[in-house]
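Q: Provide a 3D model corresponding to the input given below.
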Amino acid sequence: MKKGICLLLMFSVLLTLCSCEKQDQQTETLDYLTVDFTEQYQEEAMDGGSKVSVQWQQLNLSEEDAKNYPNLKKALDTYNENMSLYADENMMGLRESALSMIPYREHPITLYLNTGVYLQRADSRILSFLEQNDIYSGGMHPNHYYNTYNFDSVTGEEILLTDVITDMDILPELLSEKLIENYPDVVFFEEELPEYFAEYEPTDYRWTLDYQGLTVWFSPYEVASYADGFLNVKLYFEEEPELFKETYKNSLAEN
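A: Model (predicted):
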């Protein structure tokens with residue numbers, strides 16, 4: 001009888017420990033980070049009223065967060081430096097394009113590059129943001145494209161999609177189903193989207209993370225026509241729990 005009671009007590013303790021461990025995982029919290037955006041702008045007026053301009057944003061952590069996450073600060077410093085160089089290169093290229101067009105146009109022309117940043121997640125585990133670029137260099141219409149960035153807040157290293165997804169082989173079929181479901185009126189370039197995505201390398205995807213799941217972003221001309229615009233697919237942690245590694249799901253940030 002005593003042996004049975006002891007075993008029952010041991011079993012109860014084990015259940016309690018497992019329950020506490022599960023609760024800890026479910027209620028794991030992270031600290032929010034503060035990211036400031038500073039608008040940057042270059043413009044040059046040209047003969048006859050034409051002009052060229054480049055607009056972008058610099059990202060900086062708050063003073064306290066920069067102190068607590070020095071590697072992430074370095075990663076953002078590098079991003080800002082690269083964006084400044086990219087802005088200078090495009091300013092030069094747009095200027096040359098405008099100068100070549102002005103003699104052949106009756107009206108002034110405005111060429112531009114506008115880059116907007118949209119924060120998706122910023123906490124003590126990951127900084128994730130979407131970058132949308134709109135550029136007009138004198139063609140039939142502006143061109144648009146996405147870039148995405150996902151940094152480990154502690155190491156400052158860029159997080160790979162393979163760090164987040166458990167099985168990349170599942171992704172092509174899943175993305176195809178979601179795209180067709182989200183955009184039933186779109187005629188995609190490829191009739192067999194799963195085979196098309198199967199040719200993707202992990203680095204070919206543009207993706208971000210938030211507190212509900214992972215979003216894959218598609219620029220115009222990537223999978224559909226220009227007129228169809230930007231497309232995206234969101235994969236939710238709750239709907240696809242087997243798809244994600246535990247490190248990046250079931251976490252909430254503290255206010």
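Q: going by C-alpha atoms from here, please, whenever you check contacts or count neighbours.
A: Noted.
Q: what's the domain layout of the chain?
A: 1-31, 35-159, 160-255 (automatic domain parsing).
Q: where among the ones you listed is the average confidence lowest?
A: The minimum mean pLDDT among the domains of the chain belongs to domain 1-31 (a mean of 47).
Q: put the alpha carbons of stretch 148-160 into PDB.
A: Taking Å, rounded to 0.1, in the frame of the first residue of the first chain, the C-alpha atoms of stretch 148-160 are listed here in PDB:
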ATOM      1  CA  THR A 148      13.300  41.900 -45.800                       C
ATOM      2  CA  TYR A 149      15.700  41.800 -42.800                       C
ATOM      3  CA  ASN A 150      15.600  39.500 -39.800                       C
ATOM      4  CA  PHE A 151      18.300  40.000 -37.200                       C
ATOM      5  CA  ASP A 152      19.100  38.000 -34.000                       C
ATOM      6  CA  SER A 153      18.900  40.700 -31.300                       C
ATOM      7  CA  VAL A 154      21.700  39.200 -29.200                       C
ATOM      8  CA  THR A 155      24.200  38.200 -31.800                       C
ATOM      9  CA  GLY A 156      23.300  40.800 -34.500                       C
ATOM     10  CA  GLU A 157      23.500  38.100 -37.100                       C
ATOM     11  CA  GLU A 158      20.900  37.700 -39.800                       C
ATOM     12  CA  ILE A 159      18.500  34.900 -39.100                       C
ATOM     13  CA  LEU A 160      18.000  32.500 -42.000                       C
END
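Q: what comes up buried for it?
A: Buried positions in stretch 148-160, judged by neighbour count with 16 or more other C-alpha atoms under 10 Å: T148, Y149, N150, F151, D152, S153, V154, T155, G156, E158, I159.
Q: do stretch 194-205 as well
A: For stretch 194-205, burial by neighbour count (16+ other C-alpha under 10 Å) applies to P194, F197.
Q: what about it, start to end distance?
A: Start-to-end span of stretch 194-205 (C-alpha to C-alpha, to the nearest Å) is 14 Å.
Q: tell me the spacing between N150 and Y196.
A: Going from N150 to Y196 by C-alpha to C-alpha gives 24 Å.
Q: and if you look at D65?
A: Using C-alpha to C-alpha, we find D65 at a distance of 41 Å from Y196.
Q: one more: Y69?
A: In terms of C-alpha to C-alpha, Y69 sits 39 Å off from Y196.
Q: ok now the strand or helix carrying T38, how far from the chain's centre?
A: Assigned by DSSP states H and E, T38 belongs to strand 35-45. When distances are taken as C-alpha atoms, centre = their mean, to the nearest Å, strand 35-45 is centred 21 Å away from the chain's centroid.
Q: report the buried residues of that strand.
A: The neighbour-count criterion (16+ other C-alpha under 10 Å) identifies V35 as the buried residues of strand 35-45.
Q: return the list of helices and strands in contact with it.
A: If you count contacts as 3 or more C-alpha pairs under 8 Å, 6 or more residues apart in numbering; DSSP states H and E, strand 35-45 packs onto strand 51-61.
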